[in-house]
Every structure is written in C-alpha cells, then in structure tokens.
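In: give me a 3D structure for the following:
(chains A and B)
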Amino acid sequence: MIKLVGSLIILFASTAAGMMLARQYRDRPREIRQWRSALQSIEAEIVYGRVPVDQMAADLSKQFPMPLSKFFQLLHEQLRGEGLPLQIAWSTSIEHFWPRTALKRPEKEILLQFGTTLGTEDAENQKKHIQLALAHLEREENDARQSQKANEKMLRSLGFLAGVLFILLFI
Amino acid sequence: MNQILPYLPESFQQFLHRMPENDRKMLEEIRCRTEWPLELIVSGQKWIPADDMEMPVFHKEQAKQMLQKISKYSLYTLEEELKRGYVTVPGGHRIGLAGRVITEHGHVLRLRDVTFFNIRLAKQKIGAALPLVPYLYNRQRWLNTLLIGAPQTGKTTMLRDMARLISEGIPDRYISSRKTAIVDERSEIAGCVDGVPQNRLGMRTDVMDACPKAEGMMMMIRSMSPEVMVVDEIGGSEDTAALFEALNAGVTVMATAHGFTFDQLSHRPSIRPLIDAQLFDRYVILSRRLFSNKAGCRLTILDQLGRKMTATEGIWH
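Out: Numbering: from 1, shown residues only, chains lettered A, B, ... in the order given. Modelled structure (predicted):
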C-alpha cells in the first residue's frame, strides 16, 4: 500500500516538474507576442496621440493581460509616484518585473535598449526605434516558437517517463 | 512658483529657497544659459545676490535634463512647441527655448540642442484692468480697444484681466457679463494646458488655444458667436483682414500690439488700415514705470482719432 502511494507521489511530482519546464517554453512566444502588440500600441499612442509616457503606461496597464500589465503598472508608479527619470524607471521596472516572465536574456536586452531611446526624440525617430525593437522581437519570437516545438512536448513526456523510470527502479 | 521648481536643477531649487522672501515674490524671469550662472529678473532688473551667495552655474547636462523634465520624459509631445520655441506649463508659466535650430526648405523644423531657457513666471493680476473700465465701457457695450506697449510692459496681463472682467461682468457697476472668445496663439492669455485654461478668466470665456490668430478669429465668429473677442499681438496682414471681418460682424475686439507710441504704430503697414478706418474706439498706451522699486505701469488712453483723453498710473504689486 505504502509503495503504491509513494510511487504515485513520485509520478505526480516528476510530471508536474516536466509540465512546469514545458510551460516556460510555451509562455515565451506568447509573451513576446504580447510585448510586440504593446510596442505597437506605444507607437500608435506616440505617433497619433502624442501621449506622454506616464499616461501611456497607465493606459497600457489596463489594456494588457498579466504579466505585461504589471510591468506598465510598475512603470507608472515609478514615474508618477517617485518622480524618477524615465530611463531609470524603465530599467528598474524591467528588473522588478523580470522574475514574473518566461522571457529570456535576448528579450531583456532588446527591451532595455528600447527603454534608453523612449521619450528622447521626436515622433518620427521614436517610430524608427519602435520598428527596430519590433523586428528584433519578431526574430526572437520565431526562435522561441522553434524551441517550443522542439522542447515543449518532449519535456512534458520526459517528466512523466522519468517518474515511471524512478518507480520501476525503486520497485 | 512651486509649479516651476521641479523643472529646475537641484542646486537652483536650493538657491531660490534661500533667496529673500520679498525678492522671490517679485521674481519675473528665471534665465538659464548653458555654462553661465543663473540669472534672475526681479522687478524688471537683473537681481544681484548678497555677497555670501553665489549664483549656481547651469551645465550642459542640466540643460538636457531640464528639457526632459519639461516634456515629462516624452520629447515627442513637444514637437510643436520646439518649433515655436516656447512651452506653456501648468500654472500658465511660459518657458522660452533657444538653441540650435534644424531647418528644412528654409523653414524652422524644430530646435534640437536646447541650451537657453527663459522661464517667465505668469502672474495673473486680478483687477489690473479695473482703472480702464470707465473709458472702455460705454452705453451697455465694450468699445473696440487696442492696447499698445513695448515687451514686458504688461499688455498681456492687462488683456487677460480685461477678458476676465468682460466675461465675469462687474455687478457693482451694473456691467453685465458677456460671451467672450479668446484666440490665444501663444498660450499666453489663458495659459492652457491640454486645452484647460490655468488662469482665472471667468465662466463665460471660450478659448481657442495655440491657434493662428487670423484663422482662429474666423473659427470663433462662425462657431462660438462671441460678443467680445480677445486677441494678443496682432501684426500680420491676415490678422488685419480677420479683424475687419470680426468688427463688421458686430463683434467687439480687444487686441494688443507691440509698439512704444501711437505714432510709431500708425506707421506700421499692417496696422495702418485699422487706424485709418477708425475701427478701434480706444487706444491704451502702456509704459513701464518703477515706483520705489515696485513694478507698475502708466496708462495713456487715446480716443478713436488718437487724441489723448487721460493718463493714469497703477502699481501692480
């Protein structure tokens, strides 16, 4: 009896671990896609609305799902509440927000780089910077999709199979 | 004053805090030039600090930061302002900008490296135009008036208060309120931020902010049916045409123009037809006076033909 319960626990734990690892691969392309639509919204707000960044952050935090909304909420708080300069507020918000996402190093670099250009130029140049960041993100998204294809299913079944292997070994 | 402080570098803020209270109240301009010490204009004159105080120097990095702060870290919101060369900030204060200009086809595209700032503190002087009322209001109507003065004589201050008096009315003197329209090309009269006037202008005032005067006047006549129209600094020939149109449409006009004297103004080709046609019923000449170190101004009122009616003086602070 105890053996059965123990083996079930092992199976559950290893399957869950596999699922969690697989989720990283599944969430990454989705979040990149969200970021891309966020950047497109930013572009529209800048080019057509000339909306200042603090107000834009407040609007976007309501428009987007978690975890992206959290980032814009953080940014808004830092700008309005603490009155930090935009560049500093952007990079600290990215740092605070990072543990919540499935994004990887390259995306972080792209977003940090984009943050240094935001708000420093006229609309025409802002648009160019946004296009550049979008192109970079698109490339990352393709990468992420490929690794999702390669790894997601494998990790999920690997978790389950590893559990089975352990159980067989211990029996 | 407190609305302006956050834009300034830390050292400047501290300096202004240490300034004597009386002088700070009379502060008119804060001028920042890159790599030069701060300059303060108090009561129309350069302010000399006490011996133990040294004016802080304005650095290049601070200039950059100041522009960023003015734009709320969103420089693209200031495109139009960088073309015109000034920004109106909450409180109706105006920040004049100068620096390196980028041109396209010989026209100013925008300012790029902004290195000179002139913060003009807006001070609405409620009641500044009261001494003028007896001369400008006659038989239940306001007379078409042109205010004439050199820069910094208080034309706009006077005009702003006129607009307030017209739209609020003066119940004590049985002067009823009127529908007032302000065409505020340089955002100076109303000091609008996002289209909302920052100055007290009375409840019956409509403002067309940052709109070219000639077009704005026509728009206002067509859309808002004003009884009195208020415009600042007329000068161009389109302005003259629009003024003819407004005056013929039965709208009373209150306007200002740059100039030292009436004669000088009547030689200006764009203003001359207005004077010849006797479109204005009153001319008010403003000249700056100092009364024991207090800013004030002398008002001379001329009638339709440019004959002197009376002169009066007023202390503002």
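
In: neighbours of B:I166, just the number please.
Out: Look at B:I166: counted by other C-beta atoms under 10 Å in any protein chain shown, it has 29 neighbours. The way it works is simple: take the backbone N, C-alpha and C, and place the C-beta from them, glycine included.

In: cool, and B:E81?
Out: Summarising burial for B:E81: neighbours were counted as other C-beta under 10 Å, giving 19.

In: hang on, it in a helix?
Out: Yes - with the criterion set as DSSP: H, G, I helix; E, B strand; the rest coil, the secondary structure at B:E81 is a helix.

In: can you pull the contacts of it?
Out: Contact partners of B:E81, counting by C-beta atoms under 8 Å, 6 or more residues apart in numbering or on different chains, are B:V87, B:L97.

In: so what sits opposite the closest residue to B:V251 other than its chain neighbours in the bridge?
Out: Leaving aside its chain neighbours, B:V251 sits nearest to B:M229 (5.1 Å; criterion: C-beta to C-beta, 6 or more residues apart in numbering or on different chains). In this structure, B:M229 bridges to B:A181, B:V253 when assessed by DSSP bridges.

In: for the residue of chain B found nearest chain A, which non-adjacent residue is spatially closest?
Out: With C-beta to the nearest C-beta, the shortest gap between chain B and chain A falls at B:Y73, namely 3.5 Å. Sequence neighbours aside, A:L86 is the residue nearest to B:Y73 in space, at 3.5 Å (criterion: C-beta to C-beta, 6+ apart).

In: so the residue of chain B closest to chain A touches A:P85, yeah?
Out: Yes - taking C-beta atoms under 8 Å as the definition, B:Y73 is a contact partner of A:P85 at 6.3 Å.

In: just give the number of residues close to the residue nearest to B:V251.
Out: As a measure of burial, B:M229 has 27 neighbours, counting by other C-beta under 10 Å.

In: in contact with A:R50, which residues?
Out: A:A123, B:Y76, B:T77, B:E79.

In: so what's the backbone phi/psi at whichever residue of chain A sits closest to chain B?
Out: Per C-beta to the nearest C-beta, the residue of chain A with the smallest distance to chain B is A:L86, at 3.5 Å. Comment: the main-chain dihedrals of A:L86 come out as phi -60, psi -40, following degrees, to the nearest 10.

In: you'd agree it is up against B:L75?
Out: No - shown here, A:L86 and B:L75 do not form a contact pair, counting by C-beta under 8 Å, at 10.0 Å.

In: where do the helices sit along chain A?
Out: All helices of chain A, identified by DSSP state H, fall at A:2-44, A:53-63, A:68-76, A:86-97, A:105-117, A:123-170.

In: any idea which of these is most buried?
Out: Mean neighbour counts were taken over the helices of chain A using mean count of other C-beta atoms under 10 Å in any protein chain shown, and the top value, a mean of 21, falls to helix A:68-76.

In: between that helix and helix A:2-44, what angle do the directions make?
Out: Per axes from the mean of the first three to the mean of the last three C-alpha atoms, to 10 degrees, the angle that helix A:68-76 makes with helix A:2-44 is 60 degrees.

In: centre of the chain to helix A:68-76, how far?
Out: With C-alpha atoms, centre = their mean, to the nearest Å as the basis, helix A:68-76 stands 12 Å off its chain's centre.

In: and that helix, does that touch chain B?
Out: No - against chain B, helix A:68-76 shows no contacts by C-beta under 8 Å from any C-beta of the partner chain, the least distance being 10.9 Å.

In: and the contacts of that helix?
Out: With C-beta under 8 Å, 6+ apart as the criterion, helix A:68-76 contacts A:31, A:34-35, A:38, A:53-54, A:57-58, A:60-64, A:89-90, A:93-94, A:96-97, A:100.

In: the residues you listed also near chain B: which ones?
Out: Of the contacts of helix A:68-76, the ones that also sit near chain B (C-beta under 8 Å from any C-beta) are A:V53, A:D54.

In: what strand or helix carries the closest residue to B:G149 other than its chain neighbours?
Out: Counting by C-beta to C-beta, 6+ apart, the nearest residue to B:G149 once its immediate chain neighbours are dropped is B:L286, at 3.5 Å. When elements are assigned from DSSP states H and E, B:L286 belongs to strand B:282-291.

In: direction included, what does the following helix or strand past that strand pair up with?
Out: In the C-terminal direction, the helix or strand that comes right after strand B:282-291 (DSSP H and E) is strand B:294-303. In the sheet, strand B:294-303 lines up against strand B:282-291 (antiparallel), strand B:308-315 (antiparallel) (DSSP bridges).

In: mean pLDDT lowest for which of these?
Out: Within the strands paired with strand B:294-303, confidence is poorest for strand B:308-315, with a mean of 70 (mean pLDDT).

In: how about B:L146: what's its closest non-neighbour residue?
Out: If the residues on either side of it in the chain are set aside, B:L146 comes closest to B:F280, at 4.6 Å by C-beta to C-beta, 6+ apart.

In: any idea how far the one you found lies from B:L165?
Out: To B:L165, B:F280 is 18 Å away according to C-beta to C-beta, to the nearest Å.

In: ok, B:S287 touching B:C297?
Out: Yes - the pair B:S287 and B:C297 qualifies as a contact (C-beta under 8 Å) at a distance of 6.5 Å.

In: host element of the residue nearest to B:L146?
Out: Under the criterion of DSSP H and E, B:F280 resides outside all helices and strands.

In: my guess is it contacts B:L147. True?
Out: No - taking contacts as C-beta under 8 Å, B:F280 lies outside contact range of B:L147: 10.0 Å.

In: more crowded one of these two?
Out: Legend: neighbour count by other C-beta under 10 Å for B:F280 and B:L147, higher for B:L147 (26 against 23).

In: ok, now which ones touch the spatially closest residue to B:L299 that is not a sequence neighbour?
Out: If the residues on either side of it in the chain are set aside, B:L299 comes closest to B:T312, at 5.1 Å by C-beta to C-beta, 6+ apart. B:T312 makes contacts with B:P131, B:R298, B:L299, B:I301, as judged by C-beta under 8 Å, 6+ apart.

In: now for A:D59: which residues touch it?
Out: For A:D59, the residues meeting the contact criterion (C-beta under 8 Å, 6+ apart) are A:E45, A:V51.

In: where's it relative to B:G92, distance?
Out: Distance, A:D59 to B:G92, using C-beta to C-beta: 27 Å.
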